[in-house]
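Trainee: Generate coordinates for the sequence data below:
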Amino acid sequence: MFRSRRAGLVRRLWRHRCAGPGPEDGPGALKPAAHALFKKLKDEELELLVQAVESRGAGPSGCVWVARAEQRGTKQALPPQVLLCRLYRWPDLRHPHELKRLSCCQSFGGWGGCGEGATLCCNPHHLSRLAMPETPPPPYSKISPFGCPWAEVSERPISSHLESGCDAHGDWRDPGLAWSSTRDGCWCKLAYWEHRTRVGRLYAVHETSVNIFCELPQGSGFSLGQLQAERRSAAVRRARSKIGRGLLLSRERDGVWAYNRSEHPIFVSSPTLGPPGARGPPVRKVLPGYSLQVFDYERAGGQAGWRRPGDGPYDPNSIRISFAKGWGPCYSRQFITACPCWLEILLTKPR
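Mentor: Next up, the predicted model:
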């Protein structure tokens, strides 16, 4: 690549950085580290990074590889993925364990990240931020205090692997294996609701992940924008306008995860989000760009169904997600059926 072309890409990257610095950063504090990293990227990877940053993750983008050894050095104290996520997504990010890699990334699950000198993807839009509990916790919080604060699988110490279902040799004991071994390969079905009315047919999911969206420039999945209804209230139309890129739902080793790709919060309720013996499933708020484990396979056994007055029976193997609007004791909407737009995820129970 001509030097002027490469310099132009670097200028475009620097121009798209987040406006607000982190609490410990003065203006331009990350510039030396960022430019040092840009110099180490190959030409094609620099172009991929520009594409991902300028599209803000709207479409699929390739992995941006950097050697793990580059994470240490005098000019760059931050790991590359943390540096780029601070520049382009979350200026207050501090540690790689606050991040969760998305299933679309080739570094997901350890690919490209094992061994000394191995490469690691640092595309900031191949990462999400783990939803963390608020302090003090309100009646609803962004993650269950009983959940595991997952870090990136490929970056966790051996002790953490042991605690999360990995033996001493690094081999996974997959608690989700039974959930994925269904007869027809369909691990869940999606139902879209507007208040108390289901709109469209059930959508069967066979791939390990699925996009659920109204407006997604590139990609495939469950398009809510194509579902037609005879009458839509103003509240439903307003809520649908906020779905945008929607969410990414993925079946992983430890359970089902939801990544909020939209520009508005989503609200999630699941039997495995609350403590054992709870009177009903809690509601958790997931901010844009954050991920939450919405169903835990290991905790799913022995869950009984609930019934709340006015809300109908609750399937212990289902997840409910409302777009932009919460419900429960802290809201005027007591039940999810009062939410304008919501999704029901019906998990296929293992035989």
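Trainee: Every contact and neighbour count from this point should use C-alpha atoms.
Mentor: Fine.
Trainee: Count the neighbours of the closest residue to Leu287 other than its chain neighbours for me.
Mentor: Nearest residue to Leu287, sequence neighbours excluded (C-alpha to C-alpha, 6 or more residues apart in numbering): Pro265, at 4.5 Å. When neighbours are counted by other C-alpha atoms under 10 Å, Pro265 registers 22.
Trainee: pLDDT value on Pro265, please?
Mentor: The score at Pro265 is 97. That number is its pLDDT.
Trainee: mind listing what it touches?
Mentor: Neighbour list for Pro265: 285-288, 323-325 [criterion: C-alpha atoms under 8 Å, 6 or more residues apart in numbering].
Trainee: Pull the number of nearby residues for Leu13.
Mentor: Based on other C-alpha under 10 Å, the number of other residues close to Leu13 is 22.
Trainee: got a list of what it touches?
Mentor: Leu13 neighbours (C-alpha under 8 Å, 6+ apart): 50, 53.
Trainee: same thing but at 6 Å, please
Mentor: Val50 (C-alpha atoms under 6 Å, 6 or more residues apart in numbering).
Trainee: hang on, it is in a helix, isn't it?
Mentor: Yes: Leu13 forms part of a helix when assessed by DSSP: H, G, I helix; E, B strand; the rest coil.
Trainee: where exactly do the strands run in the stretch 151-300 of the chain?
Mentor: For the stretch 151-300 of the chain, the strands defined by DSSP state E, counting those that start in this stretch occupy 188-194, 197-205, 209-213, 221-223, 247-251, 255-260, 266-269, 283-286, 290-296.
Trainee: The ones you listed: which one's closest to Cys341?
Mentor: Closest to Cys341 of the strands of the stretch 151-300 of the chain, according to C-alpha to C-alpha: strand 188-194, at 4.7 Å.
Trainee: Looking at the contacts of Pro265, which two lie furthest apart in space?
Mentor: Pro288 and Lys325 (13.5 Å).
Trainee: excluding its backbone neighbours, what's nearest the residue most central in space within the chain?
Mentor: With distances taken as C-alpha atoms, centre = their mean, Tyr259 lies nearest the centre of the chain, 2.3 Å away. Of all residues not flanking Tyr259 in the chain, Ser291 sits nearest, at 4.3 Å (C-alpha to C-alpha, 6+ apart).
Trainee: Please name the bridge partners of the one you found.
Mentor: Per DSSP bridges, the residues bridged to Ser291 are Leu130, Tyr259.
Trainee: hang on, it packs against Met132?
Mentor: No: judged on C-alpha atoms under 6 Å, Ser291 makes no contact with Met132 at a distance of 9.5 Å.
Trainee: chain center to stretch 243-255: distance?
Mentor: 6 Å (C-alpha atoms, centre = their mean, to the nearest Å).
Trainee: so how far is the first residue of it from its last?
Mentor: Distance across stretch 243-255, first residue to last, is 24 Å (C-alpha to C-alpha, to the nearest Å).
Trainee: Tell me how confident the model is about that stretch, as a mean pLDDT.
Mentor: Rounded mean pLDDT across stretch 243-255 is 94.
Trainee: can you check stretch 323-335 too?
Mentor: Averaged over stretch 323-335, pLDDT sits at 93.
Trainee: tell me, how many neighbours does Ser220 end up with?
Mentor: The burial count for Ser220: 11, using other C-alpha under 10 Å.
Trainee: Use 413 as the first number for this chain going forward.
Mentor: Will do, 413 is the new start, and the previous item becomes Ser632.
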